[in-house]
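> Sequence and predicted structure, then a few things I'm wondering about:
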Amino acid sequence: MTDDTAAAVKEAKAGRVEYRADKGGCVHVPIGKFSFPPEKLVENAMVVLTTLLRARPATVKACSW
């Protein structure tokens, strides 16, 4: 929800994507549509992963993969 609909629409068109994590720590975020070519889905997935790793707090344990 937002009070500034115009700004929200502008951000969405610019490619802003919100993600959230559940209680178990699983992150839920879309990486594309079924109609996207596989190369674009891989590119989007890599961007999501790098963004999540940058946003990760320093106090969180390191990834094992």
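Yep, that arrived. Numbering: from 1, shown residues only.

> which residues of the chain score low on pLDDT?
Applying pLDDT under 70 to the chain flags residues 1-2, 8-9, 11-17, 19, 62-65.

> Strands of that one, start to end?
Here the chain has its strands, by DSSP state E, at 20-21, 27-28.

> next one: the last one to chain centre, how far?
Read that as strand 27-28. Put simply, strand 27-28 sits 8 Å off its chain's centre (C-alpha atoms, centre = their mean, to the nearest Å).

> circling back: the strands of the chain: which one's closest to residue 46?
Nearest to residue 46 among those is strand 27-28; the distance by C-beta to C-beta comes to 14.5 Å. Glycine gets a C-beta too; all of them are placed from N, C-alpha and C.

> max-length helix in the protein?
As assigned by DSSP state H, the longest helix anywhere in the chain is helix 38-55.

> how distant is that helix from the center of its chain?
Between the mean C-alpha location of helix 38-55 and the chain-wide mean there is a distance of 8 Å, by C-alpha atoms, centre = their mean.

> Packing partners of that helix?
Applying 3 or more C-beta pairs under 8 Å, 6 or more residues apart in numbering; DSSP states H and E, we find helix 38-55 packed against no helix or strand.

> The closest residue to residue 27 other than its chain neighbours - how many residues pack around it?
Leaving aside its chain neighbours, residue 27 sits nearest to residue 21 (5.0 Å; criterion: C-beta to C-beta, 6 or more residues apart in numbering). As a burial measure, residue 21 scores 11 neighbours (other C-beta atoms under 10 Å).

> wait, residue 21 sits on residue 55?
No: with contact defined as C-beta atoms under 8 Å, residue 21 does not reach residue 55; the gap is 10.6 Å.

> about what we covered before: just the CA atoms of the longest helix of the chain, as PDB, please.
Only the C-alpha atoms of helix 38-55 are listed here, as PDB (Å, rounded to 0.1, in the frame of the first residue of the first chain):
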ATOM      1  CA  PRO A  38      15.700 -19.200 -20.500                       C
ATOM      2  CA  GLU A  39      18.700 -16.700 -20.800                       C
ATOM      3  CA  LYS A  40      16.600 -13.900 -19.300                       C
ATOM      4  CA  LEU A  41      15.400 -16.100 -16.400                       C
ATOM      5  CA  VAL A  42      19.000 -17.100 -15.600                       C
ATOM      6  CA  GLU A  43      20.100 -13.400 -15.800                       C
ATOM      7  CA  ASN A  44      17.200 -12.400 -13.500                       C
ATOM      8  CA  ALA A  45      18.000 -15.200 -11.100                       C
ATOM      9  CA  MET A  46      21.700 -14.100 -10.900                       C
ATOM     10  CA  VAL A  47      20.700 -10.500 -10.200                       C
ATOM     11  CA  VAL A  48      18.300 -11.700  -7.400                       C
ATOM     12  CA  LEU A  49      21.100 -13.800  -5.800                       C
ATOM     13  CA  THR A  50      23.700 -11.000  -5.900                       C
ATOM     14  CA  THR A  51      21.200  -8.500  -4.600                       C
ATOM     15  CA  LEU A  52      20.300 -10.800  -1.700                       C
ATOM     16  CA  LEU A  53      23.900 -11.500  -0.900                       C
ATOM     17  CA  ARG A  54      24.600  -7.700  -0.800                       C
ATOM     18  CA  ALA A  55      21.600  -7.100   1.400                       C
END
